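1. just a sequence and a predicted model for now, questions to come.
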Amino acid sequence: MKHFYLLIFTLLFTRAVQAQQNLVPNPSFEVIDTSCISWGGGGYWNTSHMVGWWPALNSIDYFADSASICLDTFNVGLMQLYKQPYNCMTYNLIPFEGMKYAGCYSFINSNLGTNNFREQIQCKLKHPLQLNHYYKVSFKTAFFSWYNTSMGYYVPSYASSNIGIRFTNNRYQDYTHSNMYDTVPSLNVIPHIKPSKQLFDTNWVEVSSVFKADSSYTYMLLGSFGSDIVVDTFYIQTGISYLPSVLASSEGAGYYFFDDISVVEKDTLLSVNEQENDNSILAYIKYNTLFIQNNLRSCNYIIYNEMGAILSKGSGISELLEIDLQTLVSVSQILYITVQNNLKTKSLKYIRYE
């Protein structure tokens, strides 16, 4: 019997460790290839140096502390533009984690044929996602803060929400190991995880959601998605001037930095309490508490048990409501929760385990 309990404990411990593992290799881009091998014939300090990642659609830029930038004499001038925290895209952005971060254009409004320009990188997950399992997916992002006049040029800036993460079973173009069969992602691929609105915070913010795997995905794309016609942009009034010659080639652009990418499996049984993000109704369960908060439209809620008996209800909730669900259930009892406004209904399920 002792051996049986030991086996059960070992299995549970192993399961817990696996659930806490970040499946993203080199999640903060700290592991670096300093060989300075040029990508695609160019001398850019970019994805070719980010171990575990490769360009899938064009290439994401790589920003590193000056001490780790390799001293290739051909590339050194360009590399100085991609140092952190002071570089051609921001005045002073310190990495959220470690000493490095990445960045990509999300949108370019140009008359030189660069419309629909997108940048994406790809990595192979440490192991595939498991079908119907839940994963907490997150990344840190920051909007660029106007070009430095000493290192680049000003352009009008546009915030957008077309950045994010897409899981896939396809390995896309890899410039390091290129061959004639390589393909690139479709321009209209929709990310699984993305911001709910245009972001223009020049400090780090987290974008996250709980994702239920609908396939055993092996790869992950990070970057900007969608054609110009579907990208919802927002012009940021900066009050600055820019060179007419730059305006002629780039009439506006959006650019975002990335750091601290994470894909962590959650316990499937517990994850019924944390549904995927719903931008219409913000209602979720955490630590045995129901939270309804900061909704643009007032909400009504009903809590009932498996027999259909109503245990609690309320209406006109627009700011913040917290309900301790433990006071409404007995051991192992299930609660069903409906939160709705005049446009949409969100359903949650709560199970108390003891």
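-> The structure has been received and is ready for your questions.

2. surely residue 316 and residue 301 touch.
-> No - Residue 316 lies out of contact with residue 301 (Cβ atoms under 8 Å); the separation is 10.3 Å. Any C-beta I mention is one placed from the backbone N, CA and C, and that applies to glycine too.

3. the two - which one has more neighbours?
-> Neighbour count, other Cβ atoms under 10 Å: between residue 316 and residue 301, residue 301 has more, with 21 against 8.

4. hmm, who's touching the helix or strand harbouring residue 220?
-> Using DSSP states H and E, residue 220 maps to strand 219-224. For strand 219-224, the external contacting residues (Cβ atoms under 8 Å, 6 or more residues apart in numbering) are 24, 56-57, 60, 102, 104-107, 118-125, 139, 160, 162-172, 185, 189, 191, 256, 258, 261, 263.

5. repeat that for stretch 307-314.
-> Residues contacting stretch 307-314 (Cβ under 8 Å, 6+ apart): 300, 301, 302, 303, 304, 305, 321, 323, 328, 335.

6. ok, and the closest non-adjacent residue to the second one?
-> Translated: residue 301. Nearest residue to residue 301, sequence neighbours excluded (Cβ to Cβ, 6 or more residues apart in numbering): residue 339, at 4.7 Å.

7. so who does the one you found touch?
-> 281, 283, 292, 299, 300, 301, 345, 346, 347, 348.

8. out of these, which are buried?
-> With burial judged by 16 or more other Cβ atoms under 10 Å, the buried subset of these is 281, 283, 292, 299, 300, 301, 346, 348.

9. lowest-confidence member of those residues, which is it?
-> Note: of the buried ones among the contacts of residue 339, the lowest pLDDT belongs to residue 281, at 74.

10. any figure for the gap between that one and residue 314?
-> Separation of residue 281 from residue 314 (Cβ to Cβ, to the nearest Å): 14 Å.

11. what do you get for residue 172?
-> Distance, residue 172 to residue 314, by Cβ to Cβ: 48 Å.

12. now residue 166
-> 38 Å.

13. who's more crowded, those two?
-> Neighbours were counted for residue 166 and for residue 314 using other Cβ under 10 Å; residue 166 has more, 21 against 14.
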